Structure formats: structure tokens, C-alpha cells
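S.K.: Provide a 3D model corresponding to the input given below.
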Amino acid sequence: MRTGIDPRSARAIALRIGVVAAAFAFGFAAVASRAVYLQVLQGDRLGSLARDQYLRDLLQKPRRGPITDRSGAVLAGNAEADSIFLDPRDFPRPWLSRLARTLQVDAKALEKRVEHGARFAWVKRRVAPSEADEVRALSLPGVGLLKETRRYYPQRELAGQVLGVVGDDGDGLEGVEKAWDDSLQGESMRVPSLRDARGLKLLGEAPAPDRVLEGARVELTIDQGIELVAERALSAAVQSAHAASGMAVVVAPATGEVLALANVPLLNPNAPRREDMRNRAVLDSFEPGSTVKTFVLARALDEGVLRPSDALFCGNGSWSVGGHVIHDHHGLGWVGPARVIAASSNICAAKVGVRLGRDRLQQALLAFGFGDHTQIGIPGEPRGQVPYPRAEIALANMSFGQGVTASALQVTLAMAAIANGGTLMKPWLVRRVVDPATGRVLAEAIPTPVRRAVSAAAAAQMTRWLEGVVADPDGTGKRARLQGWSAAGKTGTAQKADPAGGYSADRHFSSFVGFAPSTAPRVVIGVFLDEPKGEIYGGEVAAPVFREIAEFALQAEGVPVAPGRGPAGSSALALAGPEPEREDPAPAPGPELPSRPPREDGSRGVSVPSLEGLPARAALRLLEACDLVAELRGSGRVTGQAPRAGQVVARGSRVRLVLGPPG
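M.R.: Residues are numbered from 1 along each chain as shown. Next up, the predicted model:
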């Protein structure tokens, strides 16, 4: 029997084995070379691509820092809210209109967002809890809810325009939110994370604590109590006068701190309306009217062209200048500067402006901060206008506040300079910025004098005259009298410019700006009403608001009631102190401005100075300087006088002084 393998078959098998072995060898060589290529030659590049697929940096956005008032009460904070989004590929289009109705969004705008969205489109961000519940109840495919941080204003309308608003992306859009956006935002932090096969992110380490990521705390100078009273009183006045809007500014004169900044209509930043967002008290300019007389006469005292004992002729109600006629509401004849301020004479203020002249009048207003930014830090603040008065009528008009524009804040700060002894202070709205993690103060405001607007002597004399505006029974600001404290201030009623030219007969801007107590001022308050109807005068519509704010602010700050003061207006004025002793140069009247009325005996008249509150000796010296004779009753300080301050009498006339104990 024959055995063994056929040689031909053996060769075939060997050939097949060799081919397979060669194929394996070639394959191994190919794999090895590819491995070398990938691992050695392309290792760094491919490793980087791999890490890019599974390694991610998760961006942790900080919580926006809080805004507080001066006592630490939170005015702006944060809360969680649901935001609604959808996946356009999974969302059933027929339900689009219903979803839009549920969330009260524009259906056409939503449809455009859905059309342009690949896998994600916002429907509405930071919705109310009730809206989120309604969307959940619909159970629509492709619709989801995402938790986001929402800016929350717990005091609602309180200081709404001051705080401003925040946009959907967390950026400040108005007010303090915009001005201090960088500090409030804080700094984001990137945390390493991994991404799994489904694309979900897994933290590789613990996230940063919320406190580390929180933005800085911004503390305002605003006092929420004073702000609330200012807004309520102003709202009531705007409603009662049917005015278009109103503004109130409260400032601490010694430091420049803004204690309240009220605007009506009010703004609720939780549900803002675009038309109410404007901070009119800082951003709107207007012609301030008669309040400017305060600063013109104060500078005239400093320049030596006006003396307290001067007599001014107010034209009995009309005066022709530069081809125009200036009118007073109540005609006055010969009066002193105190009466010019108390009765708010346009004519005599214009004549004082003529004494100053064009250059010095413009410089006087610039010195009080008109025509320049206050640098309070609110974006968009205007300078206002103080033009050079080339024409005679322009010179006259600027002297009583026409042709000049300023904001409510500028006018209030100018009056604060009088209350502060003649020194203009820079306003500040933010007391300090604090790091929430460390408590370190990042920025802090320091009281900063801008310049001396007038001398302390001129400011003290002007204070006495401004007291007469409030205390004089015929003063334009008598409705600003306080219960228990002395007050000083000035009314303003300005006609608004007509777009067609000239001034409107039925559109006015009414104001009262003053301070209290007049002896040691703690608050300066400006109240402004735009286009009141019916009663239009500042002494009628704005002065009562000043009184309400001032009485609350003085009580809140613990300012003691002046001893012996009963109901408002029932006691003698508390004055700023004795008449400052200085050498008064002779006035330099212009050709059209007689300085004193002629008398039949050839002598000249003299204006009776304001003496109430002065020691007897100081009052006697002042009367002697005016060629007047004193008749004394009692002892102590002057508590009453006759004739009254500002009345023009013949030289050598007797002035009866009633003296009493201080206070």
C-alpha cells in the first residue's frame, strides 16, 4: 500500500503557507510603521486633538455684586429664575403661537429666532415663577427650562433711576448698574472638566465658592428713608399740580454726599419701562430761573459792587433794557438786597447783573459749577450752558436765570456751596466699593472741594437774605417754613423756551432750593417740577415738598429742635451769626442804575439791614455804618426790628430793636 504526501501537493501547501506568512509579515510591518507614524511622528498632534475632545474648561460666571444704601440695606441683589429655551428640530411648529401667547412674547420675533436656531433658541429669559409653571404644564416637546441668575430690586421703585437696569446678558445698561459695571460684574473663573461620550461635562475638581465669584459690593450715599420720603412727597406734588415730571435732590453740604435723588415718574427696575429710565435730576438741563439770583447777588457782594445797606430801584414792576421790557410779578420801588431776594425781583437782579458786567457775571456762574460736569459718575451727564452775554438783554436775562441751562443736581450743588460757607464740593453717589471675599475696600470716596465760589462773608450774608425768603410774611418761600428749625432758600419759576422762538406763556419750570437748619446746615434740598398746571409758582408747588423732606431728614439725623421755636414761623429767625466785619468798598453803579433815591432835603435813602439774631453791639455798629439810629428794648440778641430788613428809609432814621436771650 502506497503512503506519504504528493510532492506537488506539498509544494502547493508550502506556497500557500509562505503567502500567508508574507501577508502577515507585510501586515505587521504596515501596522508597525503606522503605529510608529502615529505614536512617534504624529503623537503630539493627535494627543492634542484627543485632549481637546475630552478636556474642557467650564466657565464659572460670577454673581453680580449687591448695591446697598449708606446703612447697608440691599437695593439691588440676585435671585434665581427660570429661562425658557427650545430645540427647533424637536419643537412642533403649530404650538409656536400658543407658546408665544403664554409667555407674552412677539410670535413673529420668536418664529425668526426659531428659524435661525440650529439646535437651541431662547424663548424668554428670567421669567416669573407663574410663567415657568404654565410652560411646564404645556409639556411641549423640545421646550426646556434653565436656571439663571436674575437681578432683583427688593425695594421696587425706590431710587429706580439711580440704580438703573441690567440686560439679559448681565451687563449694566443704565444708572449705577452701568457706571460701576466692571466692579459689580466681578471676574469669571475657568474650572477644568471632562466630557464623556454623550457630551456631558464632568467637573475634575470642586467649583469655586460663590463668594469668591461674587462681584464687589457697591455702597451708595443714598439714605433709603430720605429717598422714600422724597419720592412720595414729589409724587404727590406732581399729581396735584398735574406736572409732566418732577425731580428732588438732597445733598449733605459739608461733604457733597447725595442723600436722595428722586425722579417722578418712578421706575421699577424689576419691570422697567424705557420711557421712565432717564435720571432726569442728573441728565436733563433746563433754565433754572430765579434761583440763579442767589449766586449773582452773592458774587456781587464779593466783587464789592453791592452792599447790604444799598437801596435798589426796581422800576415799580417794569424796566426797559436793550429794546425789551423786563417785568416783575409784584412791582417794587426802592428796596434793599434782602427784599430783592425775598420778593424775587427780576428787575433789581438784572441791575445787579449790570453792576457785575458781562465777564464777571459769566465767571460768577461758572464758579458755582454751572456749565461744567459735576462728575457724579452717571454716564451722559450734560455740562449745561453759560453763554457769554454779549447783548444788553442777554446780560439782564442771565442775571435772573434765563439763557442759562443747568441740571437739578447742578442747581442744588450751587446752593450747597452757599450753605457750606462758599465752598463748592464735588458730589459723590458711591461711598465705597468692597470686595465680598476679603472685605477689603477697593475704592472709597473722599470729600473733595472743587473751588471757593464766594467768600465765607458773602455766603453768610446771602444766608441771612435767603432766610427772609422763607420767614418773611411776604416772602416767596413762606410755605417752606419748618416746624422747629430755621430754613433758608430761594424759589424759581421759569418760562420754558418755545420751539417756535421766545418763551412759552403756559409752560413753566418751577422750583425751590434751600437748606436747613440755616445756622449749621445739614441738608440742602432742591425740588423741581416740570410744567405744573394751575398754580405754577415754585413757592406754591415746590416749597411744600422741601418742607416735608427737610423735616423728615432733620428728625432722622437727630438734629435738635432750636430752643424756643414753636410752630413754623412763630418765632424769630435763627441767623447764621453776626454780620461779618469787612471793609465794603463803595458800589459802582452803572449809568442806568441809581444807587439811592433822592430825598427832599438832599440826603440819600438807605436800606435797613437785617439785624435779627445779632448781638446788640454788632447791631449798633451796623446801624451806625448805615447812618441809622438804634432804639433798644431789652437785652441780649436782636429778636425783632422795625422797620423791617430791606425797607428804604432816610438817613438818620430810628430803628427799634427788640432784644432777648439767645435761641
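S.K.: contacting residues around Val250?
M.R.: Contacts for Val250 were tallied using Cβ atoms under 8 Å, 6 or more residues apart in numbering; they are 226, 230, 258-261, 523-525, 549, 553. (Each C-beta comes from the backbone N, C-alpha and C, glycine too.)
S.K.: can we see that at 10 Å?
M.R.: Counting by Cβ atoms under 10 Å, 6 or more residues apart in numbering, Val250 touches 222-223, 226-227, 229-230, 257-262, 412, 523-527, 546, 549-550, 553.
S.K.: before we move on, what SS does the closest residue to Lys478 other than its chain neighbours have?
M.R.: Distances taken as Cβ to Cβ, 6 or more residues apart in numbering place Val470 nearest to Lys478, at 6.4 Å, with adjacent residues excluded. Put simply, Val470 is helix when judged by DSSP: H, G, I helix; E, B strand; the rest coil.
S.K.: count of residues packed around Val470?
M.R.: Look at Val470: counted by other Cβ atoms under 10 Å, it has 32 neighbours.
S.K.: Roughly how far does it sit from Ala480?
M.R.: Distance, Val470 to Ala480, by Cβ to Cβ, to the nearest Å: 5 Å.
S.K.: so what sits against both of those two?
M.R.: The contact sets of Val470 and Ala480 overlap at 487-491, 512, 514, 516, 539, 543, 546-547, 568 (Cβ under 10 Å, 6+ apart).
S.K.: hmm, back to that, next up, the contacts around the residue nearest to Lys478.
M.R.: Going by Cβ under 10 Å, 6+ apart, the list of residues near Val470 reads 342, 476-482, 486-491, 512, 514, 516, 518, 539, 543, 546-547, 568-569, 573.
S.K.: how near is it to Trp485?
M.R.: 11 Å.
S.K.: ok, Leu138 touching Trp95?
M.R.: Yes. Judged on Cβ atoms under 10 Å, Leu138 makes contact with Trp95 at a distance of 7.7 Å.
S.K.: any shared contact partners between those two?
M.R.: Both Leu138 and Trp95 are contacted by Thr102, under the criterion Cβ under 10 Å, 6+ apart.
S.K.: neighbour count winner among these two?
M.R.: Set Leu138 next to Trp95 and count neighbours by other Cβ under 10 Å: Trp95 wins out with 16 against 11.
S.K.: Secondary structure of the more buried one: a strand, I assume?
M.R.: No. According to three-state DSSP, Trp95 belongs to no strand; its state is helix.
S.K.: Skip the chain neighbours and tell me the closest residue to it.
M.R.: Nearest residue to Trp95, sequence neighbours excluded (Cβ to Cβ, 6+ apart): Leu140, at 5.6 Å.
S.K.: did I read that right, that neighbour in a strand?
M.R.: No. Assigned with three-state DSSP, Leu140 falls outside any strand and is coil.
S.K.: Next, count neighbours for it.
M.R.: 18.
S.K.: Need phi/psi at it.
M.R.: Main-chain dihedrals, Leu140, degrees, to the nearest 10: phi -80, psi 140.
S.K.: what stretches of this structure score poorly on pLDDT?
M.R.: Applying pLDDT under 70 to the chain flags residues 1-5, 38, 42-44, 46-61, 116-119, 187-213, 563-604, 624, 662-663.
S.K.: Now for it: which helix has the highest residue count?
M.R.: Among the segments of the chain that qualify as a helix by DSSP state H, the longest is helix 7-36.
S.K.: elements contacting that helix?
M.R.: Here helix 7-36 touches no other helix or strand, going by 3 or more Cβ pairs under 10 Å, 6 or more residues apart in numbering; DSSP states H and E.
S.K.: For that helix, what is the distance to the chain centroid?
M.R.: 89 Å (Cα atoms, centre = their mean, to the nearest Å).
S.K.: again with stretch 108-123
M.R.: How far stretch 108-123 lies from its chain's middle: 39 Å, per Cα atoms, centre = their mean.
S.K.: quick one: terminal-to-terminal distance for that stretch?
M.R.: Across its full length, stretch 108-123 reaches 12 Å between end residues, using Cα to Cα, to the nearest Å.
S.K.: residues in contact with that stretch?
M.R.: Under the criterion Cβ under 10 Å, 6+ apart, residues 83-91, 93, 96-97, 99-100, 102-103, 105-106, 124, 135, 142-146, 168 lie in contact with stretch 108-123.
S.K.: Now the buried members of the residues you listed.
M.R.: Among the contacts of stretch 108-123, the ones that count as buried by 16 or more other Cβ atoms under 10 Å are 83-88, 91, 96, 99-100, 102-103, 105, 124, 135, 142-143.
S.K.: Okay, and which of those residues map to helices?
M.R.: Checked against DSSP H, the buried ones among the contacts of stretch 108-123 include these in helices: 96, 99-100, 102-103, 135.
S.K.: Make CSV out of those and add distance to Pro154.
M.R.: Compiled in CSV, those are given as follows (distance: Cβ to Cβ, whole Å):
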residue, distance to Pro154
Leu96, 36
Leu99, 31
Ala100, 31
Thr102, 27
Leu103, 25
Val135, 26
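S.K.: Tell me the one of these nearest Leu312?
M.R.: Nearest to Leu312 among these is Leu103, at 67.9 Å by Cβ to Cβ.
S.K.: what is the nearest residue to that closest one once chain neighbours are set aside paired to in the beta sheet?
M.R.: Nearest non-adjacent residue to Leu103, counting by Cβ to Cβ, 6+ apart: Lys124, 4.7 Å away. Judged by DSSP bridges, the bridge partners of Lys124 are Ile84.
S.K.: who's in contact with Lys124?
M.R.: 82-85, 99-100, 102-105, 110, 131-132, 135, 168.
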